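Asks: 3D, please:
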Amino acid sequence: MNVVILAAGMGKRMQSALPKVLHPLAGKPLLSHVIDTAQSLSPSRLCVIYGHGGAAVLELLARRPETIAAALQEPQLGTGHAVRQALPELDENVPTLILYGDVPLTSVAALRALVAAAGPDQLAILTVEQDDPFGLGRIVRENGKIVRIVEQKDANEAERAIREINSGIMVAPTARLKQWLGALQNNNAQGEFYLTDIVAMAVADGVSVVSAQPSAVWEVAGVNSKVQLAELERIHQGNIARRLLEQGVTLLDPARLDVRGELICGRDVSIDVGCIFEGKVELADGVSIGAHSVIVNARIGAGANIKPFCHIEQAVVGAASIIGPYARLRPGTELAEDVHIGNFVEIKNSQIAAHSKANHLAYVGDATVGSRVNIGAGTITCNYDGANKFRTVIEDDAFIGSDSQLIAPVTVGKGATLGAGTTLSKDAPAGQLTISRARQVSIEGWTRPVKVKK
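Replies: So this is what the prediction gives:
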């Protein structure tokens, strides 16, 4: 099967310099959604028709792992003209499926049903019935059979009353498609070459025109404005939320969830309101995610409790750990089981072993932290000298007093204690108390300055 995706439109109503098909839905460009769906059908050839913002579209295609042909439509003279540009890329021996780069939510099941309905030699159209079909092409039937499609601007009163509309998505025998496209005329209200005109040509040639229907109207909904994009975003997120609920995930409010990638959940997972999941996120059994947390490309171990307002990116959180509130785990963070990371603590490119904790106002960067370590409030690892990064090692059972600075590269030995306020520039011996602190003095007779009244 060939697949052609039309993606040349400008999208004036989007009010944006970004090509319409590159606007994101659930964190992924509209066109990427369509390509991913098409690839699920294992096409032998796939061609994207590009036009406005062509360089950006080609850049997106170049980043993908599979081979995708591209054809330029310039100028844009209608959908029929667009498909013509793909003809050199198509295999005449298999049917051609035509999709649209701004129609992102069509299901694989609907397309498989359409392909099956078309068979090797019929023209098949994906149609739906809409309560308000204004502006859309109507399916005209005679004795139940499709005979043509008429566009809104060319329809008479009776035709405008038809509720069955053309989605634009169709499957055609490729040799016939080439013939029909070559015969298209642009004598219509728009002065364009309509792809839909091939339906009447098929009827005239004795080719059966059949239809298939998706499970929901939104499967064929296109994006022409930011309003429509927002509407489809909520439909898509609602579908994701429904699937999660059916899997047993507890969502405190299904309407306040955003998944912009793949979210994999174990049993008895609970997600509070306003959470965002990006990339691939894995939540093991019994994980609890607090409100308004953002989790990106991360793995959260069984029984972990992520409290509200945490940001976790490219990190691993061990089982039974407690994170937050207001904690940030940056890329390269790996926490073992039962690690406590508290409010306003930032961890970056560090490994922290089991049962250790940093509960308040700390920064741990480029560090290897052992088990049962306590990192006091206000502690920071000074890992950057302005040009290079250096590593801090804190061994098992160490105790780091509050407001300490560990100037890397430095090692705190096993069981060592750093007194509060220590600035550590040399290794701290195992099992000993290390402290660097000015001697406390009190100045007799000192008077606090007083403001002079003006």
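Asks: tell me the SS of Ala55?
Replies: Per DSSP: H, G, I helix; E, B strand; the rest coil, the local secondary structure of Ala55 is helix.
Asks: kindly report the same for the one 4 residues further on.
Replies: Using three-state DSSP, the structure places Glu59 in helix.
Asks: what of Ala62?
Replies: helix.
Asks: run a quick neighbour tally on it.
Replies: For Ala62, the count of nearby residues is 9 (other Cβ atoms under 10 Å). C-beta here means a position set from N, CA and C on the backbone, and glycine is covered the same way.
Asks: other SSEs contacting the longest helix seen in the chain?
Replies: If you go by DSSP state H, the chain has its longest helix at helix 226-246. For helix 226-246, the packing partners by 3 or more Cβ pairs under 8 Å, 6 or more residues apart in numbering; DSSP states H and E come out as strand 24-25, strand 250-251, strand 257-265.
Asks: turn the ones you listed into a markdown table, including distance to Ser356, mean neighbour count and mean pLDDT.
Replies: Converted to a markdown table, those look like this (distance: least, Cβ to Cβ, whole Å; neighbours: other Cβ atoms under 10 Å; pLDDT from 0 to 100):
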| stretch | distance to Ser356 | mean neighbour count | mean pLDDT |
| --- | --- | --- | --- |
| strand 24-25 | 38 | 18 | 98 |
| strand 250-251 | 29 | 16 | 98 |
| strand 257-265 | 27 | 18 | 97 |
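Asks: out of those strands, nearest to Tyr326?
Replies: Comparison of those against Tyr326 by Cβ to Cβ identifies strand 257-265 as nearest, at 19.7 Å.
Asks: how distant is that closest one from the center of its chain?
Replies: Centroid separation for strand 257-265 versus its chain: 8 Å, with Cα atoms, centre = their mean, to the nearest Å.
Asks: now do stretch 182-193
Replies: With Cα atoms, centre = their mean, you get 38 Å for stretch 182-193.
Asks: beta partners for the residue lying closest to Lys357 once chain neighbours are set aside?
Replies: Spatial nearest neighbour of Lys357, chain neighbours left out: His340 (3.7 Å); criterion: Cβ to Cβ, 6 or more residues apart in numbering. Beta-bridge partners of His340, counted by DSSP bridges, are Ile322, Lys357.
Asks: how many residues are close by His340?
Replies: 21.
Asks: so for stretch 10-21, mean pLDDT?
Replies: In this model, stretch 10-21 carries a mean pLDDT of 91.
Asks: contacts for it?
Replies: 7, 9, 23, 29-31, 34, 51-53, 56-57, 76, 101-102, 223-226, 229 (Cβ atoms under 8 Å, 6 or more residues apart in numbering).
Asks: buried residues in that stretch?
Replies: Gly11, Met14, Pro19, Lys20, Val21 (16 or more other Cβ atoms under 10 Å).
Asks: the helices in the stretch 101-250 of the chain, which residues?
Replies: For the stretch 101-250 of the chain, the helices defined by DSSP state H, counting those that start in this stretch cover 108-118, 157-160, 174-182, 198-204, 226-246.
Asks: pull the residues that contact the first one.
Replies: Counting by Cβ under 8 Å, 6+ apart, helix 108-118 makes contact with 1, 37, 40-41, 95, 97, 99, 124-126, 169-173, 210-215, 219, all of which sit outside it.
Asks: average pLDDT across it?
Replies: The average of the pLDDT scores along helix 108-118 is 97.
Asks: for the helices and strands packed on helix 226-246, give me JSON lines that also has distance to Asp272.
Replies: Shown next, in JSON lines, are the helices and strands packed on helix 226-246 (distance: least, Cβ to Cβ, whole Å):
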{"stretch": "strand 24-25", "distance to Asp272": "24"}
{"stretch": "strand 250-251", "distance to Asp272": "9"}
{"stretch": "strand 257-265", "distance to Asp272": "10"}
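Asks: now for those, which one comes closest to Cys310?
Replies: Of all the helices and strands packed on helix 226-246, it is strand 257-265 that lies closest to Cys310, at 15.4 Å by Cβ to Cβ.
Asks: can you name every helix or strand that the helix or strand that that closest one is followed by contacts?
Replies: Remark: after strand 257-265, the chain's next helix or strand is strand 270-271, criterion DSSP states H and E. Judged by 3+ Cβ pairs under 8 Å, 6+ apart, strand 270-271 is in contact with strand 250-251, strand 288-289.
Asks: make CSV from these and add distance to Ile394 to it.
Replies: Converted to CSV, these look like this (distance: least, Cβ to Cβ, whole Å):
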stretch, distance to Ile394
strand 250-251, 37
strand 288-289, 28
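Asks: of the ones you listed, which is nearest Glu313?
Replies: Nearest of the helices and strands packed on strand 270-271 (Cβ to Cβ): strand 288-289, 14.4 Å.
Asks: what does the closest one rub up against?
Replies: Val269, Ser270, Ile271, Asp272, Cys275, Leu283, Ile295, Ile300, Ala304, Asn305, Ile306.
Asks: list the pairing partners of that strand within its sheet, with orientation.
Replies: Counting by DSSP bridges, strand 288-289 is paired with strand 270-271 (parallel), strand 305-306 (parallel).
Asks: contacts for the first one?
Replies: Read it as strand 270-271. So strand 270-271 is contacted by Leu244, Val249, Thr250, Leu251, Leu252, Leu257, Val287, Ser288, Ile289 (Cβ under 8 Å, 6+ apart).
Asks: nearest to Gly137, of the strands paired with strand 288-289?
Replies: Closest to Gly137 of the strands paired with strand 288-289, according to Cβ to Cβ: strand 270-271, at 41.4 Å.
Asks: I'd like the distance from that closest one to the chain centre, please.
Replies: With Cα atoms, centre = their mean, you get 19 Å for strand 270-271.
Asks: make residue 1 into 440 and carry on from there
Replies: Yep, numbering from 440; the last one is strand 709-710 now.
Asks: so for that strand, mean pLDDT?
Replies: 98.
Asks: same check on stretch 480-499?
Replies: Mean pLDDT, stretch 480-499: 94.
Asks: can you list the buried residues in that stretch?
Replies: Residues of stretch 480-499 classed as buried: 482, 484-493, 496, 499 (neighbour count, 16+ other Cβ under 10 Å).
Asks: dump that stretch to PDB, restricted to CA.
Replies: Extracted in PDB, the C-alpha atoms of stretch 480-499 (Å, rounded to 0.1, in the frame of the first residue of the first chain):
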ATOM      1  CA  LEU A 480      -0.200   0.100   8.500                       C
ATOM      2  CA  SER A 481       3.300  -0.900   7.200                       C
ATOM      3  CA  PRO A 482       3.000   0.900   3.900                       C
ATOM      4  CA  SER A 483       5.500   0.000   1.100                       C
ATOM      5  CA  ARG A 484       5.800   3.700   0.200                       C
ATOM      6  CA  LEU A 485       5.000   6.900   2.100                       C
ATOM      7  CA  CYS A 486       5.100  10.400   0.600                       C
ATOM      8  CA  VAL A 487       4.500  13.700   2.400                       C
ATOM      9  CA  ILE A 488       3.400  16.700   0.200                       C
ATOM     10  CA  TYR A 489       4.900  19.900   1.600                       C
ATOM     11  CA  GLY A 490       4.600  23.500   0.700                       C
ATOM     12  CA  HIS A 491       4.500  26.400   3.200                       C
ATOM     13  CA  GLY A 492       7.300  26.200   5.800                       C
ATOM     14  CA  GLY A 493       8.800  23.400   3.700                       C
ATOM     15  CA  ALA A 494      12.300  23.500   5.200                       C
ATOM     16  CA  ALA A 495      10.900  22.900   8.700                       C
ATOM     17  CA  VAL A 496       8.700  20.000   7.400                       C
ATOM     18  CA  LEU A 497      11.700  18.400   5.700                       C
ATOM     19  CA  GLU A 498      13.700  18.800   8.900                       C
ATOM     20  CA  LEU A 499      11.100  16.900  10.800                       C
END
